[in-house]
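1. My questions concern the predicted model and sequence given below.
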Amino acid sequence: MSGPGPTLAGIRLVAFDVDGVFTDGRFYLSDDGVESKAFHTQDGFGIRKLINAGIEVAVISGRRSGAVERRMAELGVAHVIQGCRDKVAALDDLLATLRLTSEQCAFVGDDIPDLPLLQAVGFSVAVANAVAEVREHCDYTTTAAGGAGAVREVCELVLGAGSDA
């Protein structure tokens, strides 16, 4: 699927995978074991716009990264879940804390480990360079690739739907 569905205007939480969504999927590991990632500055502005509009933002990632922790803190993302083995359980806990339903949540992913969570939310999004199986199961596929403006595109999509409601 490629177009937004009718549930988009009711979104109150947008959750994102990190690697392949906020980034292009690559990470750099030095000989000293120091990891670095590249984040797109326009994505960051989109996240701030969501937060300023009163929409909750979360990242749910299977990996742990100090770079992710720092970047999300800079952006004001309060819900940062890393090293997560069960993304659906993590989302369920977050939804309970925020008193939201899964229908009020969008999730953005790119690869097979994201599928259970993509299937558990009200609005599922694949980035343009997601694997085919993920794109086939999502409500919307971005035109921008992960790490190249896909996060900003989703933010604008959600914010635009809210203004149409």
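-> Here it is on my side, so go on.
2. Show me what the helix or strand of the chain with the lowest mean pLDDT is packed against.
-> Taking mean pLDDT, DSSP states H and E as the measure, the chain has strand 35-36 as its least confident helix or strand, at a mean of 80. Under the contact criterion of 3 or more CB pairs under 8 Å, 6 or more residues apart in numbering; DSSP states H and E, strand 35-36 touches strand 28-29, helix 66-75. (Each C-beta comes from the backbone N, C-alpha and C, glycine too.)
3. what does the very next helix or strand once past the last one contact?
-> Using DSSP states H and E, the helix or strand that follows helix 66-75 in sequence is strand 79-81. For strand 79-81, contacts defined as CB atoms under 8 Å, 6 or more residues apart in numbering pick out 15, 56-61, 68-69, 72-73, 90, 94.
4. average model confidence for strand 79-81?
-> Averaged across strand 79-81, pLDDT comes to 97.
5. Walk me through which strands that strand pairs with, and which way each runs.
-> Partners of strand 79-81 in the sheet, by DSSP bridges, are strand 56-60 (parallel).
6. circling back: closest to residue 28 among the contacts of strand 79-81?
-> Using CB to CB, residue 68 is the member of these that lies nearest residue 28, at 13.8 Å.
7. Hmm, that closest one is touching residue 62, no?
-> No. Contact between residue 68 and residue 62 fails when scored by CB atoms under 8 Å: they sit 11.5 Å apart.
8. who's more crowded, the two?
-> residue 68 (23 against 18; other CB atoms under 10 Å).
9. Using the three-state scheme, assign the closest residue to that one other than its chain neighbours.
-> Leaving aside its chain neighbours, residue 68 sits nearest to residue 18 (5.4 Å; criterion: CB to CB, 6 or more residues apart in numbering). At residue 18, secondary structure determined by DSSP: H, G, I helix; E, B strand; the rest coil is coil.
10. again, but for residue 23
-> coil.
11. Tell me the confidence at the closest residue to it other than its chain neighbours?
-> In this structure, residue 23 finds its nearest non-sequential neighbour in residue 147, 4.5 Å apart by CB to CB, 6+ apart. Residue 147 carries a pLDDT value of 93.
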